[in-house]
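**Student:** Give me a model of this one.
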Amino acid sequence: MKVTYGDGLTSSDVKMEGKQLTKLISMSFVGGWVSGALGLGGGAIFNPLLLSMGCPPKVASATGMYMIIFSTGASTTTYIINNLLKTDYALFIGAFQIFGTLIGMFVLKKFMNKIGRQSPLVILLAFILGISSVAVPFFGYP
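**Tutor:** Numbering: from 1, shown residues only. From the prediction side, this is the model:
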């Protein structure tokens, strides 16, 4: 819509057309299938995909976090419906997660502002992807 009307575009907007849009749609379908079938987080697949297509690291990371909201919400709803959610444990883990996220965002933002580059975010995403690739087969094996 923004391209059609030429309104609201900024220099950081990613404009995908033609082959790039086809690649995004097809890889999104495959990535969604793989992450659902193997139990991988969508961010482990979509963040590298978006980065490879020229998406700025902050936008790729934020998009991954946005997608996680829906998959986590659906999983939580399923657990609640089936009466499998241990609420006290979930609240305990959630509190530590929020605390850790805030500290991590604060430290990463300070570090990126200090060096004036977004590369630490890309390196961190690659590191987490590597750890996930190694850890999933070990911890996911019954």
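**Student:** Quickly note the distance from the most centrally placed residue in the chain to residue 19.
**Tutor:** Centroid-nearest residue in the chain: residue 64, 2.3 Å away (criterion: CA atoms, centre = their mean). In this structure, residue 64 lies at 23 Å from residue 19, with CB to CB, to the nearest Å as the measure. Glycine gets a C-beta too; all of them are placed from N, C-alpha and C.
**Student:** how deep is residue 94 tucked in, by neighbour count?
**Tutor:** When neighbours are defined as other CB atoms under 10 Å, residue 94 has 10 of them.
**Student:** quick one: which helix or strand includes it?
**Tutor:** Here residue 94 is covered by helix 87-115, with elements defined by DSSP states H and E.
**Student:** and that helix, average pLDDT?
**Tutor:** For helix 87-115, mean pLDDT is 89.
**Student:** cool, and stretch 135-142?
**Tutor:** Here stretch 135-142 scores 72 as its mean pLDDT.
**Student:** same thing with stretch 52-68?
**Tutor:** 79.
**Student:** before we move on, which element is residue 137 in?
**Tutor:** With the criterion set as DSSP H and E, the secondary-structure element containing residue 137 is helix 119-140.
**Student:** picking up where we left off before, quick one: contacts for the residue nearest to the centre of the chain?
**Tutor:** Contact analysis of residue 64 by CB atoms under 8 Å, 6 or more residues apart in numbering lists 42, 43, 46, 47, 50.
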